[in-house]
Structure formats: structure tokens, C-alpha cells
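Chemist: Give me the fold of what follows.
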Amino acid sequence: MADSTTFAVADSPFPSLEPVETVLASFNPVISMAADTSEDAIIEAAKGAKALFVTYAQITAKVIDTLDGCGAIGRFGIGLDNIDLEAATAAGIPVVYAPQYCLDEVSDHTMALLLTAARKTALADKLVKQGRWEMPAVVPIMRFRGKTMGLVGFGNIAQLVAVKAQAFGINVIASDPYVKPEVAAAKGVELVEFDALLERSDYVSVHAPLTPATENMFSTDAFAKMKSTAYIVNTARGGLIDTKALVTALDAGELAGAGLDVLPQEPPAEDDPILSRDDVVINPHTSFYSEDALLDLQTTVAGDILTVLNGGQPKWPANPDVFK
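Modeler: Below is the predicted model:
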């Protein structure tokens, strides 16, 4: 049997890493799992590892500087804000990820949260189970057809949300400084400035990356510009919405409700006021999930790691400058 090769895993939400091990079978892989998500634990697990896999843990410059002989870092997910890409590039370590693994899941979940919040199905279910079979407790509810949805960010997921929202008769607009108007027009979507989107939208769906420039982009000022009947949905990153300001805006009647799959702190504190609201639907960061998506995620990332270790060009490099 071929000599075994160590692959480090900083953290894993998966019930099994068997799909990864199957893809890397030619290396006779041995998984070294970090004891926890601290820098020291990840550094210890990664000693002598051929590659490092990560989901949510922070892969800092300190961690990267200790990766002796590591040929690649694989991020199980779409966002890259938990990896110091600059440090990885400086160290000559390719980072790969899976930008297309859960497009259907997140876009479906976006619509599910919108429908649940705006049709008030979760609240109605709660009331019925409390013995309250009554319509007045959930009014008003408005028709979707003819309303306007504003997409903040118009990448792959948002473009699928647009198609699904249009199927409900919803007009779709979007704000994204990196997308050309003709790209949006091809999807039947009007590209507008951010403030115009806030003012025009009956539903706002957030699909932006989390950066220093976008953190808390939805706070007091943004909520004040929205319609008092509007709903906001976030399946992107929790830090994009200031939830304290959201609670204040809801109390002030500045918007009607929200559907949140992500929060600034996950899990939230038990006394977080956002948890006690009937006008906010909250899910535990599950929009990415389906059995199919998890299989796609593991095999996509492991496949690119395999390609890199065999001297090839990965399909989804996050820092392509490494290969120049």
C-alpha cells in the first residue's frame, strides 16, 4: 500500500468526510482534525499536512506562516472572509473554494424566508398551535404580484433569486457596482443605485460579500430609507445587517419584517431581542444545506486540491496570482 498522506481539517460541519477521502484516495489520506478552532489547535493539526481544509474557522496569517509543506488550502464554502488570502498568496499557497455548490439551495431559501415572513406562515402556525384559529392576528398580508424586490448584489445566487421572484410576478431591481447594466437587463432586471433600491423595494434581499465597506450596510440610515411596509431577507453574511438597528426600526414601524438565515453572532446570545420578535423569521444558517449540496461541496473542493497537488490548475482558485 502507498504511504499515507496527512490532510488537516480546521473544522467540519459534515457528518462524514468520506467524499473528501474518496477523491483523495490516490494519496491514501489520513485526516488530522483540529481539536478546536483556535489558532494553536489548527497549527498543531496542520503539522506536516499536505493540504488544509476549512469551513468556518479563521485561517490567519499566523496559521499560514506555520504551514510547512502545505500545498493548498481548501475552503468548504463560497465566502472567503475567514481566510487571509494576502498571507496565503505571499506564502505561495493556493486557496480553492466552491463558488457554485449551493446556488439553488440559497436562492430557494431566500424565497422561502420571504414567503414565510411576508405571508406570516410561521406566525400563523405558532398561533394555531396556541389555540388561536384567527385571521386578524396576522393581518395585513399583501399580494406578491406587482411588488418590487431589490437585490443587493447581483452574483450567481441573486440572479437565480431574480428568476424565482419573477415567477411570482414580482418586479426585480438590483444594485451592484461590479455588474454591467446589460448583464442585469439580460435577466429582466433593472440596475439602480443603492439608495434608489431602498426607496423603491417592497422586499430587499441581501447577497453582498462581507467586507469592511459592506459591514453594517443595513443600519439606521438604510432602514429609514426603506418603505414602512418592506421586508428584508438576508442569506449572505450576518455582519451585513446591524440587528440592533433592525429591532429599533421594526419598533418604530420603519419596516414590516425580516427573514434572516445569518446573524452577526452565531449562535446569538439568549437575551438577544431579535429572538423574541414575531415579525422576524430566523433560521440557523441553513440556507446552503441539502444532502446534494454537501456532496457537491466536498467533492468540488477536494477535487481542486487534488488537481493542485498533482501540479494542475484548479477550477476555482481564490488567489490565481499564485499560479503566475
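
Chemist: Please enumerate the strands of this structure.
Modeler: Residue ranges of the strands in the chain, as given by DSSP state E, are 5-9, 29-33, 51-54, 73-75, 95-96, 148-152, 171-175, 190-191, 203-206, 231-234, 257-260, 280-282.

Chemist: Phi first, then psi, for the spatially most central residue of the chain.
Modeler: Compute the mean C-alpha point of the chain, and by CA atoms, centre = their mean the closest residue is A236, 3.8 Å away. Backbone torsions for A236, taken as degrees, to the nearest 10, come to phi -100, psi -90.

Chemist: show me the contacts for G253.
Modeler: S228 (CB atoms under 8 Å, 6 or more residues apart in numbering). In this view, the C-beta of every residue, glycine as well, is placed from N, C-alpha and C.

Chemist: quick one: it from A230, how far?
Modeler: With distances taken as CB to CB, to the nearest Å, G253 is found 11 Å from A230.

Chemist: now K120
Modeler: 15 Å.

Chemist: where does this structure dip in pLDDT?
Modeler: 1-2 (pLDDT under 70).

Chemist: for it, what spans make up the helices?
Modeler: 18-23, 39-45, 61-65, 85-90, 103-119, 121-129, 156-166, 181-186, 194-200, 220-225, 243-251, 291-309 (DSSP state H).

Chemist: Tell me the buried residues in the first one?
Modeler: Judged by neighbour count using 16 or more other CB atoms under 10 Å, the buried positions of helix 18-23 are P19, V20, E21, V23.

Chemist: can you redo those as CSV with distance to S205?
Modeler: Formatted as CSV, the buried residues of helix 18-23 follow (distance: CB to CB, whole Å):
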residue, distance to S205
P19, 31
V20, 32
E21, 37
V23, 34
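
Chemist: Of those, which is the nearest to P212?
Modeler: P212 lies nearest to V20 out of the buried residues of helix 18-23, by CB to CB, at 32.3 Å.

Chemist: List the contacts of the nearest residue to the closest one once chain neighbours are set aside.
Modeler: Across the structure, with CB to CB, 6 or more residues apart in numbering as the measure, the residue nearest V20 apart from its sequence neighbours is A302 (4.3 Å). For A302, the contact set (CB under 8 Å, 6+ apart) comprises P19, V20, V23, L24, F53, G74.

Chemist: ditto for I241
Modeler: Applying CB under 8 Å, 6+ apart, the residues contacting I241 are V206, N216, M217, F218, S219, I232, N234, L260, P264.

Chemist: So which bits of stretch 44-56 are buried?
Modeler: In stretch 44-56, counting by 16+ other CB under 10 Å, buried: A45, A46, A49, K50, A51, L52, F53, V54, T55, Y56.

Chemist: From those residues, pick the one nearest A91.
Modeler: Closest to A91, out of all of those and judged by CB to CB, is L52, at 11.7 Å.

Chemist: wait, doesn't R145 sit right on G169?
Modeler: Yes: between R145 and G169 there is a contact at 3.3 Å, judged by CB atoms under 8 Å.
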